[in-house]
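> Sequence first, predicted coordinates after that:
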Amino acid sequence: RQLPDRLRRRLRGRHLRRRTPFGRAARATAEGTRASLRAVQLTVASEIALNYLDAREAQARLRIARDTLSTLDETVEITGWRLQAGLVGSLDLERARQLRAQTAASIPAIETAYAAATNRLAVLLDETPGAMNGLLEPAAEALSPPAVFPAAIPAEVIRRRPDVALANRPWRRRPRASASRPPSSIRR
């Protein structure tokens, strides 16, 4: 039994697209596009991870600065008592006050770094700036790295990179000249 002409032409067209150099070029372009998509997805994921780590680092620095500030408050108080008792000079009290003032002055910069990192993270996650503050407020405990990292051959790691994989894809948009087929200018 014979297939209708329209269906036969459609099937023949698909068959030819798969087998012709144009079909290979289209597949190569599609593979390149998929590789580019993977590269973009990897870039976004790495930016999210970096900004999350920046936010947690700023959080830890802020906690340390505030703890240091409370310790320096006690140091200034103790140095003041020692000055009243005649055990230290006024220079020691001024040094303690200056160190406390320097630490207090560093806190707004750390708070700004924390806010900037959380806002960048929120934008990457398609949230409004400031939306991540409540989620990151409880300071996380420090993460410990895995005990053993899998050994990888450097060349294999480089081959897996999306930009290298994209560069290694065939990008032929024109069919190659074939010895069995004469150029179109010679064909009759």
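Happy to help now that I have it. Remember, it's a predicted structure, so these values are computed and weren't measured experimentally.

> contacts, neighbours, all on C-alpha from now
Noted.

> Can you show me the helices along this structure?
The residue ranges that make up the helices of the chain, judged by DSSP state H, are 5-19, 21-85, 90-124, 133-136, 154-160, 162-167.

> Neighbours of Val164, how many?
When neighbours are defined as other C-alpha atoms under 10 Å, Val164 has 12 of them.

> quick one: it and Ile158 touch, right?
Yes: between Val164 and Ile158 a contact is recorded at 7.0 Å, counting by C-alpha atoms under 8 Å.

> looking at this protein, which helix or strand is least sure?
Lowest on mean pLDDT, DSSP states H and E among the helices and strands of the chain sits helix 5-19, with a mean of 60.

> Hmm, Gly130 and Asn119 touching each other?
Yes: with contacts counted by C-alpha under 8 Å, Asn119 reaches Gly130, the gap being 5.8 Å.

> So those two - more neighbours on which side?
Between Asn119 and Gly130, counted using other C-alpha under 10 Å, the more crowded position is Asn119 (21 against 16).

> What's the per-residue pLDDT of the closest residue to that one other than its chain neighbours here?
In space, and not counting its chain neighbours, Asn119 is closest to Pro129: 4.6 Å by C-alpha to C-alpha, 6 or more residues apart in numbering. According to the predicted model, the pLDDT of Pro129 comes to 84.
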